[in-house]
Structures are given as C-alpha cells and as structure tokens.
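# below is the structure, and that's it, no one-letter string:
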C-alpha cells in the first residue's frame with residue numbers, strides 16, 4: 001500500500017485529493033496511519049485527505065445522509081443514485097430527480113458538497129435510469145447553478161422554512177415545498193432589500209416588508225444602523 005500510494009503521488013503531477021475508504025476495517029496502528037500521513041504530506045503538501053485515514057483528514061464524509069447540524073469543518077455528503085455503490089441490476093430503488101435536487105439544495109444550504117455516486121455496468125456504460133437522473137440534475141443546474149456553486153450557507157433556520165445559500169449580499173431561497181399565499185423571511189435588513197426575483201428568468205416578485213414601530217423610528221437615523229424584520 002505504501003509503495004502504491006508513493007507511486008500515485010510521485011508520477012502523476014499535482015494531486016488535489018486522496019479519498020480513503022474502509023478506515024474502520026483496521027486499527028490505526030495496523031494502517032500505520034501516522035507514517036502514511038507523513039509520507040503523503042512529504043510528497044504532496046497541499047493535497048486534501050478525507051476523514052477515513054484513521055486519526056487524520058482535512059474534511060468529513062457523511063455517507064448516505066445529510067447531517068442535522070453541519071460539521072464544524074469542510075464536509076461532503078456521499079450519496080448513491082439507488083441503494084448500491086456498485087452496479088447492481090437487482091437494485092431498482094432509484095431516487096427521484098426531485099429527491100436529488102432537494103438534497104443538493106439542503107447540502108449547499110448547510111455549506112457542504114455533494115458527492116453523487118454513479119455505478120457503470122460491466123461494459124462501462126451507465127444505466128439509462130441513472131443517465132435520466134443525471135440529465136435532470138444537469139437541466140436544473142443549467143438554470144440554478146448560481147444558487148449552488150461557490151455559495152455559502154444563507155439564513156438561519158428560524159429566518160426561513162427551507163434551505164438557503166448566499167453569495168455576497170444576495171440570498172437564494174429554495175422553496176422545496178409549495179408555499180401557500182406567501183413566503184415569509186424574518187430578521188433581514190429590510191432597508192437594504194433592492195429586489196426579489198426568480199432565479200433563471202429573473203422575473204420580479206411582489207414583496208412587502210414590516211417591522212416594529214420603534215425599529216422604523218430608529219432606522220430613520222442613519223447613525224443607528226439598518227432595522228431588521230420580515231420580508
């Protein structure tokens with residue numbers, strides 16, 4: 001194992017990431033994890049290592065679930081398109097396109113990355129069911145990528161009933177359930193809201209704001225800051 005990893009990290013230029021699996025199958029002493037980590041860092045100092053080299057790692061890998069609370073450091077959710085990591089013709093429990101897109105929104109809203117598994121058949125081709133799912137995600141991303149790629153977590157859960165992301169001063173809200181007459185966002189600086197619009201087409205949406213009377217009086221004084229309330 002040491003010789004193979006040394007070859008991979010020596011003969012193929014800059015390597016960005018080394019993804020270990022099965023770290024629970026042996027004790028750290030059996031893996032010689034400390035020595036292995038030192039060798040990796042000596043060969044590729046800037047390489048990222050996942051958390052499955054026992055006792056080491058730069059980011060967390062949550063397998064087949066989205067954590068209730070995001071980990072404190074960089075993380076990713078590792079999910080399959082059905083229930084199997086490898087090609088399994090008997091496994092027809094495919095997730096729906098809606099499930100995958102909702103998962104992507106939730107992961108982005110918690111500041112994570114989504115590692116989505118694809119399992120080719122023995123001839124190298126991908127099942128039509130998996131291709132259809134990937135194409136559905138591709139179609140959605142072609143319109144909404146700005147709300148996912150390069151963003152950070154948006155509002156707190158008490159501010160909006162759903163995941164959200166942020167890019168600078170722009171927030172993206174994902175309506176994963178069909179709303180009733182309106183959508184409420186709480187605790188935002190309403191005096192700074194310039195517009196509300198749909199992502200993709202840019203269609204403007206009607207919106208109104210309200211805040212406590214004392215807040216509206218304070219906001220009239222530029223030295224007192226900007227009031228926060230609902231939009």
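Perfect, thanks for sending it. Computed from a prediction, not measured in an experiment: that's the story for all the values here.
# where exactly do the strands run in this protein?
When assigned using DSSP state E, the strands of the chain occupy the ranges 17-18, 48-49, 60-63, 75-79, 113-116, 152-153, 164-167, 170-173, 188-189, 228-229.
# could you dump these into JSON lines and include mean neighbour count?
All C-beta atoms are positioned from the backbone trio N, CA, C, and that covers glycine. Putting the strands of the chain into JSON lines (neighbours: other C-beta atoms under 10 Å) gives the following:
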{"stretch": "strand 17-18", "mean neighbour count": "14"}
{"stretch": "strand 48-49", "mean neighbour count": "16"}
{"stretch": "strand 60-63", "mean neighbour count": "17"}
{"stretch": "strand 75-79", "mean neighbour count": "19"}
{"stretch": "strand 113-116", "mean neighbour count": "16"}
{"stretch": "strand 152-153", "mean neighbour count": "13"}
{"stretch": "strand 164-167", "mean neighbour count": "19"}
{"stretch": "strand 170-173", "mean neighbour count": "18"}
{"stretch": "strand 188-189", "mean neighbour count": "16"}
{"stretch": "strand 228-229", "mean neighbour count": "18"}
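# so where's this structure uncertain?
For the chain, the stretches flagged by pLDDT under 70 are 216-227, 229.
# can we see that at 80?
Low-confidence segments of the chain (pLDDT under 80): 214-231.
# kindly reformat the strands of the chain as JSON lines containing distance to residue 31.
Putting the strands of the chain into JSON lines (distance: least, C-beta to C-beta, whole Å) gives the following:
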{"stretch": "strand 17-18", "distance to residue 31": "14"}
{"stretch": "strand 48-49", "distance to residue 31": "13"}
{"stretch": "strand 60-63", "distance to residue 31": "17"}
{"stretch": "strand 75-79", "distance to residue 31": "20"}
{"stretch": "strand 113-116", "distance to residue 31": "22"}
{"stretch": "strand 152-153", "distance to residue 31": "34"}
{"stretch": "strand 164-167", "distance to residue 31": "37"}
{"stretch": "strand 170-173", "distance to residue 31": "41"}
{"stretch": "strand 188-189", "distance to residue 31": "48"}
{"stretch": "strand 228-229", "distance to residue 31": "51"}
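# list the buried residues in the longest helix anywhere in the chain.
Counting residues, the longest helix found in the chain (DSSP state H) is helix 128-144. Along helix 128-144, the positions that meet the burial threshold by neighbour count (16 or more other C-beta atoms under 10 Å) are 130, 133, 134, 137, 140, 144.
# and what of stretch 176-195?
When neighbours are counted by 16+ other C-beta under 10 Å, the buried residues of stretch 176-195 are found to be 185, 188, 190.
# could I get the residues you listed as JSON lines with distance to residue 87?
As requested, these are exported to JSON lines (distance: C-beta to C-beta, whole Å):
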{"residue": "185", "distance to residue 87": "44"}
{"residue": "188", "distance to residue 87": "47"}
{"residue": "190", "distance to residue 87": "52"}
